[in-house]
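S.K.: turn this into a structure:
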Amino acid sequence: MNAFALGLGNIILIASTSCITIVFSAIMSPIILKEKFVFKEDGITILLVAMGSITAVSQQPKEQNVIHPHGHDLLVEKFYSW
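M.R.: Just a heads-up that it's a prediction; the model follows:
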């Protein structure tokens with residue numbers, strides 16, 4: 001499913017959503033699954049992933065009026081073909 005999203009989605013949205021998923025998982029797994037949180041490994045990784053996502057979002061073009069080249073109909077057709 002991620003390969004499909006990379007071909008048709010906005011890479012900034014996909015990267016920031018993935019960042020949120022990784023950070024949420026790293027924070028919740030010690031709480032729910034009682035895993036050990038090691039700041040030297042987990043904390044630094046969270047900081048690096050967050051900084052990379054923030055950098056990608058802050059460097060995006062300011063103009064957001066770009067229409068997807070494949071068009072809306074193709075996206076809907078691909079979605080319902082699964």
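
S.K.: going by C-alpha atoms from here, please, whenever you check contacts or count neighbours.
M.R.: Noted.

S.K.: neighbours of Ile46, how many?
M.R.: Ile46 has 19 neighbours, counted by other CA atoms under 10 Å.

S.K.: once you drop chain neighbours, what's closest to it?
M.R.: Counting by CA to CA, 6 or more residues apart in numbering, Val23 is the residue found nearest to Ile46 once chain neighbours are left out, at 5.9 Å.

S.K.: Ser29 now?
M.R.: That would be Glu35: by CA to CA, 6+ apart, it lies 6.0 Å from Ser29.

S.K.: quick one: that neighbour from Thr45, how far?
M.R.: Separation of Glu35 from Thr45 (CA to CA, to the nearest Å): 16 Å.

S.K.: these two: who's more crowded?
M.R.: More crowded of Glu35 and Thr45, by other CA under 10 Å: Thr45, with 15 against 12.

S.K.: quick check: that one vs Pro30, distance?
M.R.: With CA to CA as the criterion, Thr45 and Pro30 are 15 Å apart.

S.K.: now swap in Asp73 and tell me
M.R.: Taking CA to CA, one finds Asp73 at 43 Å from Pro30.

S.K.: do Val57 as well
M.R.: 28 Å.

S.K.: likewise for Thr17?
M.R.: Counting by CA to CA, the separation of Thr17 from Pro30 is 21 Å.

S.K.: if we can go back for a sec, how many other residues sit next to the residue nearest to Ile46?
M.R.: For Val23, the count of nearby residues is 17 (other CA under 10 Å).

S.K.: assign Phe37 to helix, strand or coil.
M.R.: Three-state call for Phe37 (DSSP: H, G, I helix; E, B strand; the rest coil): coil.

S.K.: need the per-residue pLDDT for the residue lying closest to it once chain neighbours are set aside.
M.R.: Leaving aside its chain neighbours, Phe37 sits nearest to Pro30 (6.1 Å; criterion: CA to CA, 6+ apart). The model reports Pro30 with a pLDDT of 89.
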